[in-house]
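>>> Any chance you can model this:
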Amino acid sequence: MADNEPPHVFVTYAHDSPEHKERVRLFAEFLHGRIGLEVHLDQWDDGERRDWSLWALDHLDTADFVVVIASPAYKRRAEGRAAFDEGRGSQFEAARIRDRMTRNLGGEIKRILPVVFSGQSVDDIPNFLNPHSTTRYPIEVFTEEGVEDLLTAITGRARHQRPERGRWRGGATSGAGPGRTSLATGLEWRACSSGIRTEGARINDMQYSDSIVLRAAERLAFVEVSLGMTYRRLTAVVGVLDDAVEPFQVGHFRVLLDGRPSPEVKVALGKPAEIDLDVTGVLTLRLEFHRPGTTESRWLPELAWGDPAVE
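Next up, the predicted model:
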């Protein structure tokens, strides 16, 4: 699946009743028409004579995700407790899902997504999908909020992102430096160019509260601080500001350790870079950044060192 393509989703279910069948269709229409997923449903492909077993195999094997609609009839057929001529389609599809899970349990657990409609129960999920020990997706209403948990599984983006881990303060302290210190607000600058400010900066949808920001027509902006050989590590995120007026600019960033330049780093909007350098034994640290061609352009650079710090 390419990054710019919507995930392909196949919906498997049992025709318990005309009402259940219509409910599944409305759900598929919502995912396809409102959410923008590439959904495949048998009710949309019955306009011609076809081999339904081949049709099902193709979708079950190639879909990015398979949504299993839980119901009493689907569970009975999926677990082999139905007569051979009852719901042949759902029996066949469930057998293929069982086979794929046997071959690659870890991968298929992430791909097979059991959905429980309002009025149904987690006990309507087939037992081989481990309904009580793995995630299931109850859906009460067909709204964006109602399918949010299901979309989290499909997109891989959790509703609440894990925060960055802070500095561990419970370990041994012998030989440690003075702790993490912000270069924006925690150390006095020996020298700096005009036109730079210390403020919060948003880079690639992340907020950095103690940042060094450039929004002035400086050919080469810099900040210089004394480390006094007491720090061991420099960290920062560098990039173009998210609210940049001119989105196509390229920023150049460089660190000098006692006058020795590190390799230059180039960034663009939405493509920041992480700086992580050993500064053990360094007396003077210099941070440089600029936008090439600033003096020839009517646009100002819109760049930032996000939360630069030493420890």
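>>> and Leu300, what are its phi and psi?
In terms of degrees, to the nearest 10, the main-chain angles of Leu300 are phi -80, psi 150.
>>> Quick check: which ranges of the chain have low pLDDT?
1-3, 164-178, 294-298 (pLDDT under 70).
>>> How about Val237: what's its closest non-neighbour residue?
Counting by C-beta to C-beta, 6 or more residues apart in numbering, Val237 lies nearest to Gly306, which is 3.9 Å off, once chain neighbours are set aside. Any C-beta I mention is one placed from the backbone N, CA and C, and that applies to glycine too.
>>> Gly270 now?
Gly270 sits nearest to Asn204 (C-beta to C-beta, 6+ apart), 5.7 Å away.
>>> Let me know whether that neighbour touches Leu241 as I believe.
No - in terms of C-beta atoms under 8 Å, Asn204 does not count as a neighbour of Leu241; the distance is 9.9 Å.
>>> Between those two, which has more neighbouring residues?
Neighbours were counted for Asn204 and for Leu241 using other C-beta atoms under 10 Å; Leu241 has more, 22 against 15.
>>> Quick check: the closest residue in space to the more buried one that isn't next to it in sequence vs Asp45, distance?
Using C-beta to C-beta, 6+ apart and skipping residues adjacent in sequence, the residue nearest Leu241 is Glu302, 4.6 Å away. Glu302 is 50 Å from Asp45, where distance means C-beta to C-beta, to the nearest Å.
>>> higher neighbour count, these two?
Glu302 (22 against 12).
>>> surely the more buried one meets Ala244?
Yes - with contact defined as C-beta under 8 Å, Glu302 reaches Ala244; the gap is 3.9 Å.
>>> about what we covered before: what is the strand or helix carrying the residue nearest to Val237 packed up against?
Gly306 is part of strand 303-310, with elements assigned from DSSP states H and E. In terms of contacts (3 or more C-beta pairs under 8 Å, 6 or more residues apart in numbering; DSSP states H and E), strand 303-310 is packed against strand 181-182, strand 196-203, strand 206-214, strand 233-240, strand 250-257, strand 284-290.
>>> Just send those back as JSON lines, with mean neighbour count too.
Shown next, in JSON lines, are the helices and strands packed on strand 303-310 (neighbours: other C-beta atoms under 10 Å):
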{"stretch": "strand 181-182", "mean neighbour count": "16"}
{"stretch": "strand 196-203", "mean neighbour count": "18"}
{"stretch": "strand 206-214", "mean neighbour count": "20"}
{"stretch": "strand 233-240", "mean neighbour count": "23"}
{"stretch": "strand 250-257", "mean neighbour count": "20"}
{"stretch": "strand 284-290", "mean neighbour count": "21"}
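>>> could you redo those strands as CSV and give each row distance to Asp85?
Shown next, in CSV, are the helices and strands packed on strand 303-310 (distance: least, C-beta to C-beta, whole Å):
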stretch, distance to Asp85
strand 181-182, 72
strand 196-203, 61
strand 206-214, 58
strand 233-240, 63
strand 250-257, 67
strand 284-290, 73
